[in-house]
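Colleague: need a 3D model of the following:
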Amino acid sequence: MATTFQIRKIHALKNVIGMDDDLYREMLMSFDVTSSKDLTFTEAAILVDILEDKAVAINKWTKQPKKYADLNRTENMASDAQLRMIEGLWRDVCYFNDDKFAKKSLRKFLKSKFKVDDIMFLTRAKACKVIQAITAIKKKLKEKSAATLE
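Modeller: Below you'll find the predicted structure:
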């Protein structure tokens with residue numbers, strides 16, 4: 001689920017750009033949803049990036065640096081993109097739409113399965129394994145929800 005922060009940012013950017021409602025609805029339909037509230041965390045992040053790029057192009061918005069971009073990480077540590085992907089995937093499988101809960105539950109998952117105290121301490125190799133594990137969880141949840149719909 002998209003966070004309330006993401007939803008607010010989407011609507012703020014839509015207004016800054018001056019996007020009409022028809023175009024906005026078409027963009028939402030490209031994600032197979034009719035409301036920004038129905039977007040997943042990852043889809044909302046993608047839509048925010050698209051809208052930010054449009055707003056920056058018309059000089060009405062200054063783009064914020066991406067999360068973890070300011071870290072000085074060694075080569076064997078997980079990349080910024082990997083860390084963001086792990087957080088995004090985790091938000092997709094997390095069953096509460098709460099940032100604090102998601103962060104806490106991710107730390108607990110990393111500690112129990114990968115013996116890592118925080119996402120910041122992941123190596124590239126472990127980050128790949130974490131991404132695979134969360135993707136597998138996401139796939140199982142999708143299959144489970146599809147089975148209950150039948």
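Colleague: where does residue 74 sit: helix, strand or coil?
Modeller: coil (DSSP: H, G, I helix; E, B strand; the rest coil).
Colleague: quick check: phi and psi on it?
Modeller: The phi/psi pair for residue 74 (degrees, to the nearest 10) reads phi -80, psi 170.
Colleague: next, count neighbours for residue 60.
Modeller: Counted with other Cβ atoms under 10 Å, the neighbours of residue 60 add up to 12. All C-beta spots, glycine's among them, are computed from the backbone N, C-alpha and C.
Colleague: one more: residue 57?
Modeller: Neighbour count for residue 57, taken as other Cβ under 10 Å: 10.
Colleague: ditto for residue 84
Modeller: Around residue 84 there are 17 other residues, counting by other Cβ under 10 Å.
Colleague: over to the one 10 residues further on?
Modeller: If you count neighbours by other Cβ under 10 Å, residue 94 ends up with 19.
Colleague: ok, residue 58 next?
Modeller: 10.
Colleague: pretty sure it contacts residue 17?
Modeller: Yes. Counting by Cβ atoms under 8 Å, residue 58 touches residue 17, with 7.0 Å between them.
Colleague: and the helices in this structure?
Modeller: For the chain, the helices defined by DSSP state H occupy 4-17, 21-29, 41-57, 80-93, 99-114, 124-149.
Colleague: may I see the ones you listed arranged in TSV, with distance to residue 66 and mean pLDDT as well?
Modeller: Below are these laid out as TSV (distance: least, Cβ to Cβ, whole Å; pLDDT from 0 to 100):
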stretch	distance to residue 66	mean pLDDT
helix 4-17	14	91
helix 21-29	21	92
helix 41-57	9	89
helix 80-93	7	92
helix 99-114	17	94
helix 124-149	16	90
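Colleague: for residue 64, which of those helices is the nearest?
Modeller: helix 41-57 (8.1 Å; Cβ to Cβ).
Colleague: please state the offset of that closest one from the chain centre?
Modeller: Its chain's average C-alpha position is 12 Å from that of helix 41-57, according to Cα atoms, centre = their mean, to the nearest Å.
Colleague: that one vs helix 99-114, what angle?
Modeller: 120 degrees (axes from the mean of the first three to the mean of the last three Cα atoms, to 10 degrees).
Colleague: how about helix 41-57: buried residues?
Modeller: By neighbour count on 16 or more other Cβ atoms under 10 Å, the buried set for helix 41-57 is 41-45, 47-48, 51-52, 54-55.
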